[in-house]
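Trainee: just coords:
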């Protein structure tokens, strides 16, 4: 059995490239590798870990229906464990691949795409369930149906934030497939992401700052960690008020961010320009690309 240090090289090489998710990189993956090491000698597959991960996320969400603040916080701890399992399934997949090809996986796209499919399902299920069940739990405590509506709006906002990114990928794939059928050559440019011209941060207007804060706080794991902080407050004081803050904030912030991103994508042919910045399209013959 490899040491923990060796397992980190085998199982977390691709993860170290993700500099944006500091919480996952410096906290969750410190813990997840020990769970991965425990699972490696067994016959458990990465897909099985992913299935358990989703079940844990659903169970955690259902515990937010509880009025008791202790049970509510237990659900938060279970949600934290769900997020750690989101690291474990990929680590198990990379180790199984290492066993087969005797080579460290340097790009997660070299693994079977089934793992990514599990991740998409996981996000849509759990991200949407969390705010809705918190809102339903407030209904059980107060009897006010308003909180079901607020929880639904927060859940809708979280789902739309996932959809706004995934639909862009779906459109790009459909365009690439169509161009390929028409005998066009499509290659990805060296720079995989479009270069964005940004003003210096210190010159951002107040509205930009507010949107950036909303955007950051409406993505996971920040949503989960905000809930953790409010869950601690609910445990000590304001057992329902802290939950109400969570639901109200995400009912507003998630929808604001969705509308802002949608406006950006739909204005001035932004999606077409982004596609052109990422992909180089060349006709095999003399086809007129404008006809597509």
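Mentor: Perfect, thanks for sending it. Because the structure is predicted, anything quoted here is derived from the model rather than measured.
Trainee: How are the strands of this structure distributed by residue range?
Mentor: Assigned by DSSP state E, the strands in the chain fall at 184-188, 279-283.
Trainee: just the ones you listed: most buried one?
Mentor: Scoring the strands of the chain by mean neighbour count under mean count of other Cβ atoms under 10 Å gives strand 279-283 as the most buried, with a mean of 14. Heads up, the C-betas are built off the backbone N, CA and C, glycines and all.
Trainee: Which residues does that strand contact?
Mentor: 172, 176, 179, 183, 184, 185, 186, 187, 188, 189, 289 (Cβ atoms under 8 Å, 6 or more residues apart in numbering).
Trainee: okay if I get the strands of the chain as CSV plus mean pLDDT and distance to residue 159?
Mentor: Putting those into CSV (pLDDT from 0 to 100; distance: least, Cβ to Cβ, whole Å) gives the following:
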stretch, mean pLDDT, distance to residue 159
strand 184-188, 89, 29
strand 279-283, 91, 28
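Trainee: of all the contacts of strand 279-283, which two lie farthest apart?
Mentor: 183 and 189 (20.4 Å; Cβ to Cβ).
Trainee: Could you tell me which residues within the single longest helix found in the chain count as buried?
Mentor: In the chain, assigned by DSSP state H, the helix with the most residues is helix 146-181. Neighbour-count burial for helix 146-181, counted by 16 or more other Cβ atoms under 10 Å, picks out 147-148, 150-162, 164, 168, 175-176, 179.
Trainee: what about the helices in the stretch 151-292 of the chain?
Mentor: Using DSSP state H, counting those that start in this stretch, the helices of the stretch 151-292 of the chain run over residues 206-217, 222-236, 241-266, 270-278.
Trainee: between the ones you listed, which one is nearest to residue 112?
Mentor: The minimum distance between residue 112 and these falls on helix 270-278, with 24.0 Å, by Cβ to Cβ.
Trainee: May I see the buried residues of the closest one?
Mentor: Within helix 270-278, the residues that qualify as buried are 271, 274, 275, counting by 16+ other Cβ under 10 Å.
Trainee: now these as JSON lines including distance to residue 38 and pLDDT?
Mentor: Formatted as JSON lines, these follow (distance: Cβ to Cβ, whole Å; pLDDT from 0 to 100):
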{"residue": "271", "distance to residue 38": "44", "pLDDT": "94"}
{"residue": "274", "distance to residue 38": "42", "pLDDT": "93"}
{"residue": "275", "distance to residue 38": "44", "pLDDT": "93"}
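Trainee: Now tabulate the residues you listed in a markdown table and tack on distance to residue 234.
Mentor: Formatted as a markdown table, the buried residues of helix 270-278 follow (distance: Cβ to Cβ, whole Å):
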| residue | distance to residue 234 |
| --- | --- |
| 271 | 41 |
| 274 | 42 |
| 275 | 45 |
